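**Student:** quick one, what's the 3D model for this:
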Amino acid sequence: MRGREAVGLVARREVRERTREKSFLVSTGINVVIIVAVVILSTVIGGGSDSYVVGVADPGAQPVAEAAARAARAADAEIVVREVGPAEASAGLEDGSLDAVLTGSELRSQEDPDDELVAFVQAANREVRAAEALDQAGVSGAEAQRALSPPPLEVATVEAVDPDEDSLAGFTFFVVIALYGQLLTYGYWVAAGVVEEKASRVVEVVLSAIRPAHLLAGKVIGLGLLGLANLLLIAVVGLGTAAATGALDVDGEILTATGLALAWFLVGYAFYACAFAVAGALVPRQEELQSSMTPLTLVILVSFFLAFAVQSNPDGTLAHVTAFIPMTAPMTMPPRIATGDAASWEIVASFVVTLGSAVLLIPLAARVYAGGVMRTGSALKLRDAWRAARA
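**Tutor:** Predicted structure coming up:
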């Protein structure tokens, strides 16, 4: 059997076996449901305005309450004013139907009131009391209005402000989470598959027909295509839901960033999958796999946290350095691409470095895999597996 045919056969087998597992189908369905739920909830929670119910127990406080309600509307919030008697005010505060009760001299609440509500009422109180003082001083009409409502200050920024900044921050958060989950999950599947074949002695039968390198390549390619399809499904569902709910303006830039994130998954997976296959080839049983995988798991976990650190300062030294480290680039570069903080040359150079590192790792991993996949009994050291392949 020729090498290409052997690789294709193993890849198809990996895809077929995984897609037949109920656990894979269930986990995929759960991931899709979680993505849809989180996008919808973030829209509902983040899109709603703050609303307060204020009881007015003193007719003299009515102008203050109405001024606070006007200020709240200007700030995309809402203050509902309700006239209440003393008994109704106490009952409303106790059962939670009233957030606060306003009198001529105080704002009373059951517990510590919301800072935003206090700010609205205090500003309204100053406005009303200032109007009363001006009226008593003989200043009224247009002059009083100009004194109470001076032109607002213009707000200007040195750097341009992106109105979609918050939405992009949510998008990049999901990108990092998805890449972290996919790299860890499918890397583990590669290692677990290797150990399973060793423990059941299936690998001895398979390697009687094909070379170890072809078996490794088929396994990595098959699971990689499955992971890419899974990530593509998550991207389509997530972006579709975000567009339908208005949580994100899905334009050409977002679609390009999503496509590049999928490409980064491929090169990141190619790099890590070979290393996970080596981790699986060094141990004879599933029980020992966790200790063998720990260094790789920690590297992915560190990359995960570095991605959030880079997001907070996408043009800092850490962002530029991690872009050229093959272990971290697949998780730190996609968020910077989505927010437009990565230059074109940096994207290309970082991708080439990561892809080149994966290409260089493949033959090294294939040799260690070949030296360790047939060895049973006890766990192997990396050096022993390397020498066994040469022998």
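
**Student:** so the residue of the chain most remote from its centre, which of the three states?
**Tutor:** Among the C-alpha atoms of the chain, the one most distant from their mean position (C-alpha atoms, centre = their mean) is that of Gly138, at 59.9 Å. Under DSSP: H, G, I helix; E, B strand; the rest coil, Gly138 falls in the coil class.

**Student:** report the contact partners of it.
**Tutor:** Neighbour list for Gly138: empty [criterion: C-beta atoms under 8 Å, 6 or more residues apart in numbering]. Using the backbone N, CA and C atoms, a C-beta is placed for each residue, glycine as well.

**Student:** tell me how far it lies from Arg129.
**Tutor:** Applying C-beta to C-beta, to the nearest Å, the value for Gly138 to Arg129 is 17 Å.

**Student:** number of nearby residues for Glu127?
**Tutor:** 18 (other C-beta atoms under 10 Å).

**Student:** from memory it sits against Ala67, does it?
**Tutor:** Yes. Using C-beta atoms under 8 Å, Glu127 is in contact with Ala67, at 5.3 Å.

**Student:** quick one: neighbours of Leu298, just the number.
**Tutor:** Counted by other C-beta under 10 Å, the residues lying close to Leu298 total 10.

**Student:** and Gly280, what pLDDT?
**Tutor:** Per-residue confidence for Gly280 comes out at a pLDDT of 83.

**Student:** that one reaches Ser292, doesn't it?
**Tutor:** Yes. The pair Gly280 / Ser292 is scored as a contact, 7.3 Å apart, by C-beta under 8 Å.

**Student:** which neighbours do the two share?
**Tutor:** Both Gly280 and Ser292 are contacted by Ala191, under the criterion C-beta under 8 Å, 6+ apart.

**Student:** which one's more surrounded, these two?
**Tutor:** Shown here are Gly280 and Ser292; by other C-beta under 10 Å, Gly280 has more neighbours (27 against 20).

**Student:** quick one, strands of the stretch 101-250 of the chain?
**Tutor:** All strands of the stretch 101-250 of the chain, identified by DSSP state E, counting those that start in this stretch, fall at 107-108.

**Student:** so is Val54 in a helix, a strand, or just coil?
**Tutor:** strand.

**Student:** that one: what's it in contact with?
**Tutor:** Each residue near Val54 by C-beta under 8 Å, 6+ apart is listed here: 65, 68, 79-82, 98-102, 117, 121.

**Student:** that one bridge partners, please.
**Tutor:** Val81, Ala100 (DSSP bridges).

**Student:** now it: how far from Asp114?
**Tutor:** Look at Val54 and Asp114: by C-beta to C-beta, they are 11 Å apart.

**Student:** common neighbours of the two, please.
**Tutor:** Residues within reach of Val54 and of Asp114 at once, by C-beta under 8 Å, 6+ apart, are Asp99.

**Student:** list the contacts of Glu116.
**Tutor:** Contacts of Glu116 by C-beta under 8 Å, 6+ apart are 50, 77.

**Student:** pLDDT value on it, please?
**Tutor:** Looking at Glu116, the pLDDT reads 87.

**Student:** quick one on the thing from earlier: what subset of the contacts of Val54 is buried?
**Tutor:** 65, 68, 79, 81, 98-102, 117, 121 (16 or more other C-beta atoms under 10 Å).

**Student:** with distance to Gln311 added, can I get the residues you listed in TSV?
**Tutor:** Below are those laid out as TSV (distance: C-beta to C-beta, whole Å):
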residue	distance to Gln311
Ala65	42
Ala68	37
Ile79	36
Val81	42
Leu98	41
Asp99	35
Ala100	38
Val101	44
Leu102	43
Leu117	32
Val121	37
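
**Student:** report the two of these separated the most.
**Tutor:** Within the buried ones among the contacts of Val54, two members stand farthest from each other by C-beta to C-beta: Ala68 and Leu98, at 14.3 Å.

**Student:** return the set of buried residues in stretch 249-268.
**Tutor:** Buried-residue list, stretch 249-268, by 16+ other C-beta under 10 Å: 250, 254, 257-258, 260-262, 264-268.

**Student:** which pLDDT value goes with Glu204?
**Tutor:** In this prediction Glu204 is given a pLDDT of 69.

**Student:** and if you look at Pro212?
**Tutor:** Looking at Pro212, its pLDDT stands at 77.

**Student:** now do the contacts for it.
**Tutor:** 366, 369-370, 373.

**Student:** would you quantify the distance from it to Leu248?
**Tutor:** According to C-beta to C-beta, Pro212 and Leu248 sit 45 Å apart.

**Student:** by contact count, what packs against the longest helix along the chain?
**Tutor:** In the chain, taking DSSP state H as the definition, the longest helix is helix 165-200. For helix 165-200, the packing partners by 3 or more C-beta pairs under 8 Å, 6 or more residues apart in numbering; DSSP states H and E come out as helix 22-47, helix 202-206, helix 212-245, helix 252-281, helix 289-312, helix 329-338.

**Student:** buried ones in that helix?
**Tutor:** 167-168, 170-176, 178-184, 186-195, 197-198.

**Student:** next one: the residue lying closest to Gly3 once chain neighbours are set aside from Trp386, what distance?
**Tutor:** Residue nearest to Gly3 in three dimensions, not counting chain neighbours: His214, with 5.3 Å by C-beta to C-beta, 6 or more residues apart in numbering. Here the distance between His214 and Trp386 works out to 19 Å (C-beta to C-beta).
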